[in-house]
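Q: Provided below for reference: sequence and predicted model.
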2 protein chains.
Amino acid sequence: MVARYERIADELRDDILTGVHPVGSQLPTEAELAARYLAARGTVRQAIAMLVTEGLVGSRQGARRIVLGRARSQSFAELHSFAQWARANGYRYGGQVITQRRRAASSVEVARLGTDEVLDVLRLRTLEGEPVLLERTVYASWVAAAVEELAPDCESVTEALYDSIGLVFAYGEHLIDAVSAGARDARLLGVRRGSPLLRQRRITTTHEGRPVEWSDDRYRAGSVVFSIRNSIDANPLVRQAGDLRFGA
Amino acid sequence: MVARYERIADELRDDILTGVHPVGSQLPTEAELAARYLAARGTVRQAIAMLVTEGLVGSRQGARRIVLGRARSQSFAELHSFAQWARANGYRYGGQVITQRRRAASSVEVARLGTDEVLDVLRLRTLEGEPVLLERTVYASWVAAAVEELAPDCESVTEALYDSIGLVFAYGEHLIDAVSAGARDARLLGVRRGSPLLRQRRITTTHEGRPVEWSDDRYRAGSVVFSIRNSIDANPLVRQAGDLRFGA
DNA sequence: TAGTGGTCTAGACCACATG
DNA sequence: ATGTGGTCTAGACCACTAG
């Protein structure tokens, strides 16, 4: 069942992407849209709210809404899963487990994941044949068995875990910064030691807020860029001083 | 005038931060909250929606809401303005214009900013006495005069422009990646050539969607981290392949 | 001053989660 | 089966923008 406001949002988004409402132009008023779609004003507002959070449309009390841009954002799955992202964008991709072992959790990991034992996995992922990403992931013990069952060249861990144990990754927190490549990073990614890497550390939880994994992902410089839209009303991005809340 | 839903959101947020609703616990139902605050259910939902976009609370049809975390996010101003961010976090900060000149816009800049002439400014910013950020900002011609009037050591360009010409920065798009320090970067930031820098490129517009500035900001590695919370329902962050939509 | 978006209400029905 | 959040309506009033 697709909600009415979603269909309205889809139509409006289409109208923006196809130039019916060009960038910089005004959107029709809520009253007009409500009449056009035979919906209550609240429903139209809900549709527009989607476009606002996507950054396509700007909003401001008393003034007509303005079309800000045409770029669409990705789904959570596309950000979370390298495979789903690569596939959605038409890239050739691959992956390989380099090392994988169970070990006792450090005190930080106990606090972060809530389990005494963890599964520690190092994966190298490729894009268009080139190594671009080194993933160091630590899984909570309650998913360890399911992860160990996966093939070493499993393309999408996210999808495999959903299929095998119904696991849904629902929430994430991400820390993004730059680091220099260590000896091992450099060797596996095929870059010089000390060269810049884009690092994304993240913790992912279930719908219940139960932590599933903690990961340190390092991208070769130039291979990917993170993009965010924000506004005076909605600001998902935060800048922090670099003493690194999550520890080293 | 503070909206009712904002006050409700503030109280709920307080209850989360102070542990009345600990992380991992369930939030009261909408009906309970509506009764407690003598508000309609829709108003309570609006309050909770704020907490959800802040990443404090998780939401899912049919199940009670869960408290996910206690970290608060920053305002747009705090992300946009180095000075406002540093001040809000209690850091000592400073800044200095290194070079500033008007020049003809490149074709990319014409497309991006919509003006034939631009003002090109290079600023070095310090945190706790250390140089941490090198800002290369290109302003549209219609703000150039106001920028040129500012003192070279102006602490907050954002606030100064609001005071002088009532300019409000309302929307931003940000691209984040890692680059290695060039000779000039290295000298000004006090790092070795080739060492990693965290780069944030951004374009900022007014409420009307009119582009004001385009900036390439480079942080010394370790000085700042960007943080984002997302969920299966709301995903502000996007990963892109590194062919750099904004050009070099 | 007129128009537009922002807030709020009260109530209805549906979809989903959980026991 | 029950409870909970998700959707939708219809209407009212307020705050702000713009001519």
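A: Received the coordinates, thanks. Bear in mind the structure is a predicted one, so any value in this text is a computation, not a measurement. Residues are numbered from 1 along each chain as shown, chains lettered A, B, ... in the order given.

Q: So for stretch A:193-211, what gets flagged as buried?
A: For stretch A:193-211, the neighbour count (16 or more other Cβ atoms under 10 Å in any protein chain shown) marks A:194-207, A:209, A:211 as buried. C-beta: built from backbone N, CA, C; applies to glycine.

Q: Also near chain B: which of these, exactly?
A: A:Gly194, A:Ser195, A:Pro196, A:Leu197, A:Leu198, A:Arg199, A:Thr205, A:His207, A:Gly209 (Cβ under 8 Å from any Cβ of the partner chain).

Q: Report the two of these separated the most.
A: Distance extremes for those: the farthest pair is A:Gly194 and A:His207 at 41.2 Å, using Cβ to Cβ.

Q: And the pLDDT for the residue nearest the centre of chain A?
A: The centre of chain A sits closest to A:Leu79, judged by Cα atoms, centre = their mean, with a distance of 2.5 Å. For A:Leu79, the pLDDT comes out at 84.

Q: Please apply the same query to A:Arg245.
A: Listed pLDDT for A:Arg245 reads 38.

Q: Might you enumerate the residues of chain A proximal to DNA strand C?
A: A:1, A:27, A:29-31, A:41-42, A:45, A:59-65, A:208 (Cβ under 7 Å from any atom of the strand).

Q: ok, A:Ala86 - how many residues close by?
A: Applying other Cβ atoms under 10 Å in any protein chain shown, we find 24 residues neighbouring A:Ala86.

Q: Can you report how many residues neighbour A:Gln100?
A: Applying other Cβ under 10 Å, we find 17 other residues in the vicinity of A:Gln100.

Q: so which strand or helix has it?
A: Per DSSP states H and E: A:Gln100 is located in strand A:93-104.

Q: Sheet partners, orientation included, of that strand?
A: strand A:117-127 (antiparallel) (DSSP bridges).

Q: could you point out which element follows the partner strand?
A: strand A:130-140.

Q: sorry, back to before: from the residues of chain A next to DNA strand C, which single one is nearest B:Glu135?
A: Distances from B:Glu135 to the residues of chain A next to DNA strand C, taken as Cβ to Cβ, are shortest for A:Arg60 (27.5 Å).

Q: Does the closest one touch B:Thr206 like I think?
A: No - if you go by Cβ atoms under 8 Å, A:Arg60 and B:Thr206 don't touch, sitting 10.2 Å apart.

Q: And chain A, split by domain according to the record?
A: For chain A, automatic domain parsing gives the domain ranges A:4-67, A:76-220.

Q: what sits against A:Ala144?
A: Listed by Cβ atoms under 8 Å, 6 or more residues apart in numbering or on different chains, the contact set of A:Ala144 reads A:Arg102, A:Glu117, A:Val118, A:Leu119.

Q: And the pLDDT for it?
A: On the pLDDT scale, A:Ala144 is placed at 95.

Q: distance of A:Arg123 from DNA strand D?
A: A:Arg123 sits 33 Å away from DNA strand D, going by Cβ to the nearest atom of the strand, to the nearest Å.

Q: Ignoring the adjacent residues along the chain, who's closest to that residue?
A: Distances taken as Cβ to Cβ, 6 or more residues apart in numbering or on different chains place A:Glu135 nearest to A:Arg123, at 4.4 Å, with adjacent residues excluded.

Q: For beta bridges, what are the partners of the one you found?
A: A:Arg123, A:Asp217.

Q: wait, it sits on A:Arg125?
A: Yes - assessed by Cβ under 8 Å, A:Glu135 is found in contact with A:Arg125 at 6.5 Å.

Q: Going by secondary structure, the most far-flung residue of chain A relative to its centre is in what exactly?
A: Note on chain A: the largest C-alpha distance from the chain mean falls to A:Ala35, namely 36.4 Å (Cα atoms, centre = their mean). A:Ala35 is part of helix A:30-37 when elements are defined by DSSP H and E.

Q: How about A:Val52?
A: Assigned by DSSP H and E, A:Val52 belongs to helix A:41-53.

Q: Only the buried residues of that helix, if you could.
A: A:Thr43, A:Val44, A:Arg45, A:Gln46, A:Ala47, A:Ile48, A:Ala49, A:Met50, A:Leu51, A:Val52, A:Thr53.

Q: the helices in chain A, which residues?
A: For chain A, the helices defined by DSSP state H cover A:4-17, A:30-37, A:41-53, A:76-80, A:82-88, A:107-113, A:141-148, A:157-165, A:183-189.

Q: These: which one's closest to B:Thr18?
A: With distances scored as Cβ to Cβ, the stretch of the helices of chain A nearest to B:Thr18 is helix A:107-113 (20.2 Å).

Q: just to revisit the earlier point, which neighbours do A:Arg60 and B:Thr206 share?
A: B:Ala170.

Q: sorry, back to before: and the domains of chain A as JSON lines, adding distance to B:Gly182?
A: Shown next, in JSON lines, are those (distance: least, Cβ to Cβ, whole Å):
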{"stretch": "domain A:4-67", "distance to B:Gly182": "31"}
{"stretch": "domain A:76-220", "distance to B:Gly182": "12"}
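
Q: now for those domains, which one comes closest to B:Gln74?
A: Per Cβ to Cβ, nearest to B:Gln74 of those: domain A:76-220, 14.3 Å.

Q: Now do the end-to-end distance for the closest one.
A: Length of domain A:76-220, first residue to last, Cα to Cα, to the nearest Å: 22 Å.

Q: hang on, the earlier thing: distance-wise, check the residue nearest to the centre of chain A relative to DNA strand C.
A: Using Cβ to the nearest atom of the strand, A:Leu79 is found at 21 Å from DNA strand C.

Q: residues in contact with that residue?
A: Applying Cβ under 8 Å, 6+ apart to A:Leu79 gives the contacts A:Trp85, A:Gly172, B:Asn230, B:Asn235, B:Leu237, B:Val238, B:Arg239.

Q: Let's see which of those residues end up in strands.
A: Using DSSP state E, the subset of the contacts of A:Leu79 located in strands is A:Gly172, B:Asn230, B:Leu237, B:Val238, B:Arg239.

Q: In terms of distance to DNA strand D, which of the residues you listed ranks first?
A: Proximity of the ones in strands among the contacts of A:Leu79 to DNA strand D was ranked by Cβ to the nearest atom of the strand; the top entry is B:Asn230 with 15.9 Å.

Q: Count residues in the vicinity of the residue lying closest to the closest one once chain neighbours are set aside, would you?
A: Nearest non-adjacent residue to B:Asn230, counting by Cβ to Cβ, 6+ apart: A:Gly172, 5.2 Å away. Neighbour count for A:Gly172, taken as other Cβ under 10 Å: 23.

Q: near DNA strand D, which residues of chain A show up?
A: A:3-6, A:38-43, A:46, A:60-63.

Q: A:Glu155 reaches A:Ser81, doesn't it?
A: No - assessed by Cβ under 8 Å, A:Glu155 is found out of contact with A:Ser81, at 9.6 Å.

Q: Leaving out the residues flanking it, which one is nearest to A:Ser81?
A: Per Cβ to Cβ, 6+ apart, closest to A:Ser81 is A:Thr158, 3.9 Å.

Q: ok so, going back, filter the residues of chain A next to DNA strand D down to the buried ones, ChimeraX style.
A: In ChimeraX, this line selects whichever of the residues of chain A next to DNA strand D come out buried by 16+ other Cβ under 10 Å:
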select /A:4,5,39,43,46
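
Q: hmm, which two among the residues of chain A next to DNA strand D are most spread apart?
A: Maximum pairwise distance among the residues of chain A next to DNA strand D (Cβ to Cβ): 28.1 Å, between A:Ala3 and A:Gly62.
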